[in-house]
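J.: Dropping the sequence and predicted coords here.
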Amino acid sequence: MSLSSGRRAHAVIGYGRLARALVPALRAAGETVVIGRRSPAAGELAPAEAVRAADWVWLTVPDDHIAATAATLPWRAGQLALHCSGATPLSAVAPAPAAAGFHPLKLLAGDADLAGAHVGIEADPAHRPALEALARAMGLVPLALPTPMSAPARAAYHAAANLAASGVLAVLADAQALWRSAGLAEGEALAALTPLTQGALATALARGLPGAVSGPVARADVGVLARHLQALAAAGLDDDLLQALARRQLALAQAAGRLSETQVTTLQAHLGKA
Ligand SMILES: NC(=O)c1ccc[n+]([C@@H]2O[C@H](COP(=O)([O-])OP(=O)(O)OC[C@H]3O[C@@H](n4cnc5c(N)ncnc54)[C@H](OP(=O)(O)O)[C@@H]3O)[C@@H](O)[C@H]2O)c1
């Protein structure tokens, strides 16, 4: 029996960065939530206690601890276990009567909310409609994941999400280092560079990736490209990232039909093979 006065009673086990965005979003959607923690504060419960009162149990602990946490909880018939990990199979919560994945595609560092993000949902037909409806009520955009998801598909899906978030941060770290080497104030670098990233992303959303690509590779300005590579060497930085990104930009510029065969050959000669 549910203790919920809302639509469902939820237990959220582990109160870290994801849970601190998830819990308010669930409550704002009219759901009833208890927080289960290893060291409960006032108003919170121990994990086993929280699970006893819940219909849906969210395991918002680090990926490597999802299976061990699920194994310790007192499951009962009718409960649904959910995890929010894009990298973890549903088999990790096998002790639960049923399982689903609800993976917000948003980088959460403790101060972000979920609103507007897509959420990858891995669920059987019995649970998918309720999860999609909940996602919409939370202001999220449901994204259907293949269910069941093969291990290679899961790895590819998660690698893409990581590339789109933390991968971009790694690119910006190189950009910041280059500015530092040029004597620009490091404190202003992110504020000045990230609008370039945001502008490129806005253009890509409107025109697609090939239609948005710009810069020396897309213009076949090989002299500028050569000086960029020299700048990295002069700064004592590895040019592997710039080389790899330039080869990907070349493919985008080719897809956009922006380069002649001669320009492609010249650029390839400057970039070498991966
Ligand atoms: N952060 C993101 O950007 C993001 C985005 C999408 C999905 N996710 C997913 O959300 C889940 C949680 O990630 P997170 O970023 O919120 O992690 P987190 O900030 O490290 O929080 C995880 C919480 O789990 C509990 N915990 C830590 N170690 C534990 C252990 N050994 N055993 C049991 N519980 C433990 C702790 O909560 P208590 O102190 O309350 O016990 C901790 O605050 C992961 O599956 C992750 O893949 C995260």
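T.: That came through fine.

J.: going forward, measure contacts and count neighbours with C-alpha atoms only.
T.: Noted.

J.: tell me which element Trp58 falls in.
T.: strand 56-59 (DSSP states H and E).

J.: what's that strand in contact with?
T.: For strand 56-59, contacts defined as CA atoms under 8 Å, 6 or more residues apart in numbering pick out 8-14, 51, 66, 69-70, 79-84.

J.: That strand: partners in the sheet, and parallel or antiparallel?
T.: strand 9-13 (parallel), strand 80-83 (parallel) (DSSP bridges).

J.: got the CA positions of the shortest one in PDB?
T.: Taking only C-alpha atoms (Å, rounded to 0.1, in the frame of the first residue of the first chain), the coordinates of strand 80-83 have been written out as PDB:
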ATOM      1  CA  LEU A  80       9.900  -0.200  -8.900                       C
ATOM      2  CA  ALA A  81      13.600   0.500  -8.600                       C
ATOM      3  CA  LEU A  82      15.000   3.300 -10.600                       C
ATOM      4  CA  HIS A  83      18.600   4.400 -11.200                       C
END
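
J.: which ones are touching Ala173?
T.: Per CA under 8 Å, 6+ apart, neighbours of Ala173: none.

J.: Tell me where the model's unsure across the stretch 101-250 of the chain.
T.: Within the stretch 101-250 of the chain, no range satisfies pLDDT under 70.

J.: Please enumerate the helices of it.
T.: 128-137, 151-162, 168-181, 186-207, 209-212, 216-219, 222-234, 240-255 (DSSP state H, counting those that start in this stretch).

J.: could you say what helices and strands the longest one packs with?
T.: The one in question is helix 186-207. Other elements packing on helix 186-207 under the criterion 3 or more CA pairs under 8 Å, 6 or more residues apart in numbering; DSSP states H and E are helix 168-181, helix 209-212.

J.: Give me whichever of those helices is most buried.
T.: Using mean count of other CA atoms under 10 Å, the stretch among the helices and strands packed on helix 186-207 with the largest mean neighbour count is helix 209-212, at a mean of 18.

J.: Outside of that one itself, list whatever touches it.
T.: Helix 209-212 is contacted from outside by Ala200, Thr203, Ala204, Leu252, Ala253, Ala255, Ala256, using CA under 8 Å, 6+ apart.

J.: Please enumerate residues in contact with the helix or strand harbouring Glu49?
T.: Using DSSP H and E, Glu49 falls within helix 47-52. The contact list for helix 47-52 (CA under 8 Å, 6+ apart) reads 11-13, 34-38, 57, 72-76.

J.: Out of those residues, list just those in strands.
T.: Secondary structure from DSSP state E places Ala11, Val12, Ile13, Val34, Ile35, Gly36, Val57 of the contacts of helix 47-52 in strands.

J.: Check the residue lying closest to the fourth one once chain neighbours are set aside and give its pLDDT.
T.: Using CA to CA, 6 or more residues apart in numbering and skipping the chain neighbours, the partner closest in space to Val34 is Ala11 (4.9 Å). Model confidence at Ala11, given as pLDDT, is 98.

J.: Please name the residues that touch Ala11.
T.: Counting by CA under 8 Å, 6+ apart, Ala11 touches Val33, Val34, Ile35, Gly36, Ala50, Val51, Ala53, Ala54, Asp55, Trp56, Val57, Trp58.

J.: Select from those the one having the most neighbours.
T.: Val57 (30 neighbours; other CA atoms under 10 Å).

J.: how about Tyr157, what does it touch?
T.: Gly86.
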